[in-house]
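In: Based on what follows, work out the 3D shape:
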Amino acid sequence: MLRKDTYKTIWSLSWPQVLMMFFHFLIGFVDVWVAGRLGKDVQACMGMITQALFFFLVVAIALANGSVAAISQAFGAGLMLRVRRYIGLGLEIGVVLGFVFLAAGLLLKDLLLGLLQVPEDIEHIAGYLLQVFLYILPGYYLLIICNAFFRAQHRGMIPLYSMMIVTVVNTLGDFALGLGWWGFPKLGYKGLAWTTFGAVLCGVVFNLIVLYRHGFLQRKSFAPWRWVKRAWPYLFKVAWPAGLMQVVWHSAYLVLFAITAALPMGSVTALAGMSAGLRVESLLFLPGVAFNFTASILVGNYLGRGDVQGAKRIGYQVMIIALVSVGLLTVALWQVIEPVAAFIAPDPEVTRETVNYLRFNMAAIPFLLVAMVLGGALTGAGATLYQMFGMGAASWLIRLPLAYMLGHLVMQQATGIWMAMFISMGMQAGIMLYLYQYTNWARFAQRRGKVSTQPVSG
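Out: Just a heads-up that it's a prediction; the model follows:
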């Protein structure tokens with residue numbers, strides 16, 4: 001049973017992140033809505049290339065997860081110098097990797113478009129969107145990593161303000177440059193791409209200014225090499241499974257897009273419906289991400305204080321609150337699913353496929369929440385290896401084979417793919433529940449004295 005003070009702690013950390021995720025939803029919603037007004041070919045490409053961009057962001061997300069585990073545990077233990085130095089180390093790694101993946105992405109752009117099975121008549125749109133989105137990578141790396149730094153220290157309002165800035169710039173730019181409103185030139189899908197670039201850049205500038213004002217961009221935040229050699233192994237131990245999990249997860253979505261694109265009939269309509277459905281579904285998915293973040297922070301704090309039982313209990317408590325709150329939102333959205341789908345995807349065929357997609361995936365939201373929140377708890381403990389196993393097995397061993405079998409061999413339509421997604425989410429929830437309840441994930445936490453906080457020797 002939840003105590004009143006526990007509920008307040010969970011909610012005080014969760015509500016800014018839930019609101020931040022709502023702004024994430026608005027960004028994607030406006031992108032797809034405007035893309036739908038430019039044609040279903042643009043809408044289909046936006047969905048595919050946005051998913052491809054996530055694939056390139058996996059290392060940033062991995063580094064953010066590693067930083068949350070290390071910083072939240074250090075913050076719970078009261079080791080503020082360690083907190084500061086992990087922030088400095090994360091910034092250094094993020095900048096370097098952002099530019100490395102920008103270069104790699106540009107070299108592999110044509111290969112990626114081929115793997116996505118992009119229909120030839122829309123390949124020029126997809127190629128342009130992908131190229132501009134690759135230019136965003138260094139800024140996006142810093143945006144993701146900095147937001148993780150703030151969350152791990154219970155400073156959830158700062159990422160919220162950052163995402164508000166990104167949302168406002170993105171929305172205004174989409175209407176101005178995408179549709180040509182207010183006297184601006186109508187650049188179509190090119191306007192959408194460059195608007196995203198400018199919005200992310202504004203969010204990054206804001207985060208760096210706040211980091212500077214809080215003293216995290218000073219020389220003492222960047223530790224000597226002796227400290228880095230001792231701190232890096234734990235950050236890497238947490239980050240690499242988190243990164244591999246993101247590769248596994250997002251590559252599975254890319255393959256799912258490819259399976260959908262290769263359907264014998266109605267592939268473009270199915271892709272557009274999936275793209276629009278994902279945006280509507282994100283209204284429910286993104287609050288789950290917020291509770292995932294909350295579980296990571298609180299479990300890390302408890303383990304930093306040495307309270308293993310408290311860490312396990314708080315993970316379940318966050319899960320219960322997520323199920324109740326997001327479950328009520330799901331029921332409310334279910335009542336207006338058809339007009340919402342028609343609003344975001346005005347083409348009648350795409351509207352019907354969007355509704356078809358949402359019926360299966362909204363029904364699976366409780367399963368998704370269980371997996372997401374408990375996965376966040378494992379991240380806070382540093383047990384990202386377990387999270388990778390649970391999420392990866394459900395995606396590659398269950399979802400994709402079942403999607404091909406039902407979508408191409410049995411039903412020969414998109415409904416089979418959506419059905420496979422529902423089944424795989426149920427099995428994913430079961431796997432994560434087992435891992436959280438019956439494995440010793442607390443052993444992955446960093447010991448209090450493992451990394452010294454002395455200014456000279458590290």
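In: all helices in the stretch 201-350 of the chain, in order from the N-terminus.
Out: Using DSSP state H, counting those that start in this stretch, the helices found in the stretch 201-350 of the chain span residues 225-261, 267-304, 308-334, 337-344, 348-363.
In: and Leu400, which of the ones you listed is closest to it?
Out: Closest to Leu400 of the helices of the stretch 201-350 of the chain is helix 225-261 (Cβ to Cβ; 5.6 Å). Quick note: C-beta positions are derived from backbone N, CA and C, even for glycine.
In: can you redo the helices of the stretch 201-350 of the chain as CSV with mean neighbour count?
Out: Below are these laid out as CSV (neighbours: other Cβ atoms under 10 Å):
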stretch, mean neighbour count
helix 225-261, 19
helix 267-304, 26
helix 308-334, 18
helix 337-344, 17
helix 348-363, 20
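In: Least reliable of those by average pLDDT, please.
Out: Per-stretch mean pLDDT for the helices of the stretch 201-350 of the chain is lowest at helix 225-261 (a mean of 81).
In: now for the strand or helix carrying Met432, which elements pack on it?
Out: If you go by DSSP states H and E, Met432 is part of helix 414-438. Here helix 414-438 touches helix 225-261, helix 267-304, helix 348-363, helix 365-381, helix 384-392, helix 400-404, going by 3 or more Cβ pairs under 8 Å, 6 or more residues apart in numbering; DSSP states H and E.
In: Take these and write them to a markdown table, including distance to Leu172.
Out: Below are the helices and strands packed on helix 414-438 laid out as a markdown table (distance: least, Cβ to Cβ, whole Å):
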| stretch | distance to Leu172 |
| --- | --- |
| helix 225-261 | 29 |
| helix 267-304 | 19 |
| helix 348-363 | 26 |
| helix 365-381 | 31 |
| helix 384-392 | 36 |
| helix 400-404 | 38 |
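In: closest to Gly94 out of the ones you listed?
Out: Proximity to Gly94 (Cβ to Cβ) singles out helix 225-261 among these, at 11.3 Å.
In: helices or strands next to that closest one in the packing?
Out: With contacts defined as 3+ Cβ pairs under 8 Å, 6+ apart, helix 225-261 has these neighbours: helix 40-56, helix 58-77, helix 80-107, helix 267-304, helix 384-392, helix 400-404, helix 414-438.
In: if we compare the helices and strands packed on helix 414-438, which one ends up closest to Leu177?
Out: Of all the helices and strands packed on helix 414-438, it is helix 267-304 that lies closest to Leu177, at 19.6 Å by Cβ to Cβ.
In: hang on, the earlier thing: Phe175 is nearest to which of the helices and strands packed on helix 414-438?
Out: Closest to Phe175 of these is helix 267-304 (Cβ to Cβ; 16.5 Å).
In: just to revisit the earlier point, how about a markdown table for the helices and strands packed on helix 225-261, with distance to Val350 added?
Out: Listed next are the helices and strands packed on helix 225-261 as a markdown table, based on distance: least, Cβ to Cβ, whole Å:
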| stretch | distance to Val350 |
| --- | --- |
| helix 40-56 | 6 |
| helix 58-77 | 29 |
| helix 80-107 | 29 |
| helix 267-304 | 4 |
| helix 384-392 | 29 |
| helix 400-404 | 20 |
| helix 414-438 | 11 |
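In: Ok, which of those comes nearest Ala239?
Out: Of the helices and strands packed on helix 225-261, nearest to Ala239 by Cβ to Cβ is helix 58-77, at 3.5 Å.
In: and the closest one, which residues are buried?
Out: 58-77 (16 or more other Cβ atoms under 10 Å).
In: what mean pLDDT would you report for it?
Out: Across helix 58-77, pLDDT averages out at 80.
In: for it, packing partners?
Out: For helix 58-77, the packing partners by 3+ Cβ pairs under 8 Å, 6+ apart come out as helix 80-107, helix 137-152, helix 225-261, helix 267-304, helix 365-381, helix 384-392.
In: sorry, back to before: orientation of the helix holding Met432 relative to helix 267-304 in degrees?
Out: Interaxial angle, helix 414-438 versus helix 267-304 (axes from the mean of the first three to the mean of the last three Cα atoms, to 10 degrees): 10 degrees.
In: Now do helix 414-438: distance to the chain's middle.
Out: Centroid separation for helix 414-438 versus its chain: 18 Å, with Cα atoms, centre = their mean, to the nearest Å.
In: Over to stretch 326-340?
Out: 22 Å.
In: Next: stretch 103-111.
Out: The chain centroid and the centroid of stretch 103-111 are separated by 22 Å, computed with Cα atoms, centre = their mean.
In: low-scoring stretches of the stretch 351-458 of the chain, by residue?
Out: By pLDDT under 70, the weakly predicted segments of the stretch 351-458 of the chain are 447-458.
In: Just give the nearest non-adjacent residue to Phe197, would you?
Out: Nearest residue to Phe197, sequence neighbours excluded (Cβ to Cβ, 6 or more residues apart in numbering): Ile136, at 5.1 Å.
In: do the same with Leu57
Out: In space, and not counting its chain neighbours, Leu57 is closest to Tyr140: 5.9 Å by Cβ to Cβ, 6+ apart.
In: With Met21 instead?
Out: Leu286 (3.4 Å).
In: check which helix or strand covers Val118.
Out: Using DSSP H and E, Val118 falls within no helix or strand.
In: so it makes contact with His124?
Out: No - using Cβ atoms under 8 Å, Val118 makes no contact with His124, being 9.7 Å away.
In: Who has more neighbours out of those two?
Out: Neighbours were counted for Val118 and for His124 using other Cβ atoms under 10 Å; Val118 has more, 25 against 13.
In: so who does the more buried one touch?
Out: Val118 makes contact with 45, 48, 126, 261 under the criterion Cβ atoms under 8 Å, 6 or more residues apart in numbering.
In: Thanks a lot, catch you later.
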